[in-house]
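Novice: here's my sequence, what's the structure:
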Amino acid sequence: MTAKAPPTPAQLASAIASPTADAFRPSLHVTLDGIAVEARVGMSLFECAEIVGVPVPTSCFKQGKCRECLMEIETGEELLSARTPPEEHLSGRFRLSCQARLLELPIDASLRQVRAHTLRRGSMRIESESSGLLGEGPNASLDPAVTRHGRTVLLDDEPIAEADGPLLGLAVDLGTTTVALRLYDLESGAHLASASFENPQRFGGSDVLARIRYDGEHPGRLLQRTLLAYLTKAIATLPCEPSTIYELVLAGNPTMRDLFFGLDVAPIGVLPYRSTTEVAFRDGSASTTSLASVARKLRLPLHPAARVYGLPLVASHVGADAAACLLATGLADSDEVTAILDIGTNTEVLIGNRQRILAASCPAGPAFEGGGVACGMPALHGAIERVRLTDDPGGAGVEIAVVGGGAPEGICGSGLVDLLSELLRTGRMNALGRLEDDSNPCFLDRERGIFLAEADINELAQAKGANVAGFELVVASYGLTTDRLTRVDLAGGFARHLDLAAAKRIGLLPDLPEGRIRQVGNAALEGAAIALRSRSRRAFLEATVRRIEHVRLEAHPKFFDVFVEGCQFKPWQALAGEST
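Specialist: Residues are numbered from 1 along each chain as shown. Below is the predicted model:
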């Protein structure tokens, strides 16, 4: 007997529209971005989203051509139709929601459950603001590249448009995991609005090396096109006419920045890990590592002649985001030696003052952002962000705080640090990350299956070790020890929400006195905003990055030893300084 061919999408859609079929078509439980819906077999996830009002990016009206309607499947992938040709570029748990349709399977109705989320979740806590500790002193100047003479709009004193209305600009922090942007009035310098979203390039991998590999294996600049489509949607949510935006200033690590501009990123993935712009600068064929294009070329919905400017790189994997942090914190303006630690998938370290600056990059991985941890998740509603283990004799008491309140669904970075600290404090975990009471895994919520296993602790230990090694080796290369630093600025969303005492207990941060560690929020976005509003500060940054000394951690003779020591959960021991 010949097997019956599966129905085509058109046939499924026709069946859905048939009123006589509804009474016989079984239902499935679908949860999208935390919102539940009873859906019928044959419906696409996109159609489910429409029912409950979850916005899904699209510009091809569910034809599978724009490849924008990405969803990540959390559970129930076996209840979805097979991948279609428009989804051939996707791997892992990612699907195009207009192509993924619900199947009828001979299983119990209680098991017919699909959980998925879009990559524009409004419940995700993305750091788009600084802490209020930044923006003082030399960063307060207002000297934008975009100005006006009558009705003539000028860019670097050259006319680009005849128009009334406001002169607006965008600052963008393009992270590996998240994207944040701010809208500014360039005549007053006022911050008008903010927006943020998950980086949709995650379908190409969770770290920069995976994205570099993906970009090389898939023609058509899929990563760039997807990102620009999502950025276009984010711009459309801002309270302005996009054509009144005349400049965009972008900060990001070398891979993210160069993918945005459509450059070949393959050289960043192999020794000596240099962007094509850094290669050109070093061989004298370019005068800067910064990039500039126009909105019309990138098909962004700004004024067609608007400039899109990518901040300069420092060196290797130390990118424009690190340069922006330097501008925001004022490190290069001070006589005192201070440090910046931007903890993320790729952690950047800068140490110095106006006379001398050292920088390095640590490939820490996504563990502290929830990646590679069984119950790890980003800082979404439902993420456990605070943990306290009570000291009762049974050792079973757990107190938690959840982002957004409600029932827990997993653990985000700050919650993981808290939990490690509490396990260490109560003696339930030793310094090597081994659970002492045979409770592997350690459950936070047994009913919902939320736990931390030794395999997860190992992932976190390696991420911690990379951060510690990078920081300590750069400080030592400067000829100092950590206790002699005047200040350490912690940049980024993960660091903003850390409990400093917990981070010090497990050795993620140096044990410095209170007040010498500042949690400054999104310093990369703040730096991009400063560069957007001030040509003089932008020129200062262009000159400053050229004199930064890059410390190659992979070639440092002490890296492995310091990394191994840093993987242990204990206050770190400062290295002796070594002049370079």
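Novice: which parts of the stretch 451-580 of the chain are strands?
Specialist: Using DSSP state E, counting those that start in this stretch, the strands of the stretch 451-580 of the chain run over residues 487-491, 517-521, 549-550.
Novice: before we move on, what about the stretch 251-400 of the chain?
Specialist: Using DSSP E, counting those that start in this stretch, the strands of the stretch 251-400 of the chain run over 291-294, 307-310, 338-342, 347-352, 357-362, 383-389, 398-402.
Novice: deepest of the strands of the stretch 451-580 of the chain, which one?
Specialist: strand 487-491 (a mean of 24; mean count of other C-beta atoms under 10 Å). For every residue, glycine as well, the C-beta is placed using N, CA and C.
Novice: how far off strand 347-352 does it point, in degrees?
Specialist: Relative orientation of strand 487-491 versus strand 347-352 (axes from the mean of the first three to the mean of the last three C-alpha atoms, to 10 degrees): 150 degrees.
Novice: so which of the strands of the stretch 451-580 of the chain is nearest T276?
Specialist: Nearest of the strands of the stretch 451-580 of the chain to T276, taken as C-beta to C-beta: strand 549-550 at 17.1 Å.
Novice: R546: how many residues sit nearby?
Specialist: By the measure other C-beta atoms under 10 Å, the count of residues near R546 is 12.
Novice: find the nearest non-adjacent residue to H117, please.
Specialist: Computed as C-beta to C-beta, 6 or more residues apart in numbering, the closest residue to H117 that is not its neighbour in sequence is D33, at 5.2 Å.
Novice: my read: that neighbour touches L119, true?
Specialist: No - judged on C-beta atoms under 8 Å, D33 makes no contact with L119 at a distance of 10.2 Å.
Novice: list phi and psi for G449.
Specialist: Main-chain torsions, G449, degrees, to the nearest 10: phi 70, psi 40.
Novice: roughly how far apart are it and R221?
Specialist: Here G449 is placed at a distance of 40 Å from R221 (C-beta to C-beta, to the nearest Å).
Novice: also T237?
Specialist: From T237 to R221 the distance is 24 Å (C-beta to C-beta).
Novice: adding mean neighbour count, write the strands of the stretch 251-400 of the chain out as JSON lines.
Specialist: Listed next are the strands of the stretch 251-400 of the chain as JSON lines, based on neighbours: other C-beta atoms under 10 Å:
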{"stretch": "strand 291-294", "mean neighbour count": "16"}
{"stretch": "strand 307-310", "mean neighbour count": "23"}
{"stretch": "strand 338-342", "mean neighbour count": "25"}
{"stretch": "strand 347-352", "mean neighbour count": "26"}
{"stretch": "strand 357-362", "mean neighbour count": "25"}
{"stretch": "strand 383-389", "mean neighbour count": "21"}
{"stretch": "strand 398-402", "mean neighbour count": "16"}
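Novice: for those strands, which one sits closest to A190?
Specialist: Evaluated with C-beta to C-beta, these place strand 307-310 nearest to A190, the distance being 20.4 Å.
Novice: quick revisit: between T237 and R221, point out the one with more neighbours.
Specialist: Neighbours per residue, other C-beta under 10 Å: of T237 and R221, the larger number sits with R221, 14 against 11.
Novice: apart from its chain neighbours, what residue comes closest to the more buried one?
Specialist: Distances taken as C-beta to C-beta, 6+ apart place G262 nearest to R221, at 5.7 Å, with adjacent residues excluded.
Novice: can you check T232 too?
Specialist: Excluding its sequence neighbours, the residue lying closest to T232 (C-beta to C-beta, 6+ apart) is P301, at 5.6 Å.
Novice: all helices of the stretch 301-450 of the chain, in order?
Specialist: Taking DSSP state H, counting those that start in this stretch as the criterion, the stretch 301-450 of the chain carries its helices at 320-329, 413-425.
Novice: which outside residues touch the longest one?
Specialist: Read that as helix 413-425. Contacting residues not belonging to helix 413-425 are listed as 367-370, 373, 376, 379, 383-389, 400, 411, 429, 431, 435, 442, 444, 452, 457, 460, 494, 497-499, 501-503, 505-506, 508, 569 [C-beta atoms under 8 Å, 6 or more residues apart in numbering].
Novice: which of the residues you listed are buried, as a ChimeraX select command?
Specialist: Provided next is the ChimeraX selection string for whichever of the contacts of helix 413-425 are buried by 16 or more other C-beta atoms under 10 Å:
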select :367,368,369,370,373,376,379,383,384,385,386,387,389,400,411,429,435,442,444,452,457,460,494,497,498,499,502,503,505,506,508,569
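Novice: any low-confidence regions in this structure?
Specialist: Regions of the chain meeting the criterion pLDDT under 70 cover residues 1-26, 106-111, 120-140, 391-396, 573-580.
Novice: about what we covered before: which one of the strands of the stretch 251-400 of the chain lies closest to Y230?
Specialist: Closest to Y230 of the strands of the stretch 251-400 of the chain is strand 307-310 (C-beta to C-beta; 15.6 Å).
Novice: thinking again about what came up before, you'd agree the residue nearest to R221 is up against Q224?
Specialist: Yes - counting by C-beta under 8 Å, G262 touches Q224, with 5.2 Å between them.
Novice: ok, those two, which is more surrounded?
Specialist: Shown here are G262 and Q224; by other C-beta under 10 Å, Q224 has more neighbours (19 against 15).
Novice: hang on, isn't that one packed against R257?
Specialist: No - contact criterion C-beta under 8 Å: Q224 and R257 do not qualify, at 11.2 Å.
Novice: what is the burial count for E68?
Specialist: Neighbour count of E68, defined by other C-beta under 10 Å: 22.
Novice: residue contacts, it?
Specialist: 57-60, 200, 226, 229-230.
Novice: what do you get for E72?
Specialist: Applying C-beta under 8 Å, 6+ apart, we find E72 in contact with 93-94, 116-117, 119, 202.
Novice: is it bridged to anything, and to what?
Specialist: Beta bridges link E72 to F94, H117 when assigned by DSSP bridges.
Novice: with T147 instead?
Specialist: Beta bridges link T147 to L154, judged by DSSP bridges.
Novice: quick check: R505 touching P571?
Specialist: Yes - counting by C-beta under 8 Å, R505 sits close enough to P571 to count as a contact (7.3 Å).
Novice: buried residues in stretch 185-198?
Specialist: If you call a residue buried by 16+ other C-beta under 10 Å, then stretch 185-198 has these buried ones: 185-186, 189, 194-198.
Novice: what does it contact?
Specialist: The contact list for stretch 185-198 (C-beta under 8 Å, 6+ apart) reads 119-121, 124, 126, 128-129, 142, 144, 146-148, 166-169, 177-184, 230, 233-235, 237-240, 246-247, 378, 529, 532-533.
Novice: and the nearest residue to I51 once chain neighbours are set aside, how far is that from V349?
Specialist: Once flanking residues are discounted, I51 sits nearest to V37: 5.4 Å by C-beta to C-beta, 6+ apart. To V349, V37 is 46 Å away according to C-beta to C-beta.
Novice: centre of the chain to stretch 428-444, how far?
Specialist: 30 Å (C-alpha atoms, centre = their mean, to the nearest Å).
Novice: CA atoms of it as CSV?
Specialist: Written as CSV, here are the backbone C-alpha positions of stretch 428-444 (Å, rounded to 0.1, in the frame of the first residue of the first chain):
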residue,chain,number,x,y,z
ARG,A,428,26.4,22.1,50.4
MET,A,429,29.0,22.7,47.7
ASN,A,430,32.8,22.7,48.0
ALA,A,431,35.2,25.0,46.3
LEU,A,432,35.6,22.6,43.4
GLY,A,433,31.9,22.8,42.6
ARG,A,434,31.0,19.4,44.0
LEU,A,435,27.7,19.0,45.9
GLU,A,436,28.6,17.6,49.3
ASP,A,437,25.3,16.1,50.4
ASP,A,438,24.7,13.7,47.5
SER,A,439,21.9,16.0,46.3
ASN,A,440,22.9,16.1,42.6
PRO,A,441,21.0,17.7,41.2
CYS,A,442,20.0,20.5,43.7
PHE,A,443,16.3,21.2,43.2
LEU,A,444,14.9,24.7,43.7
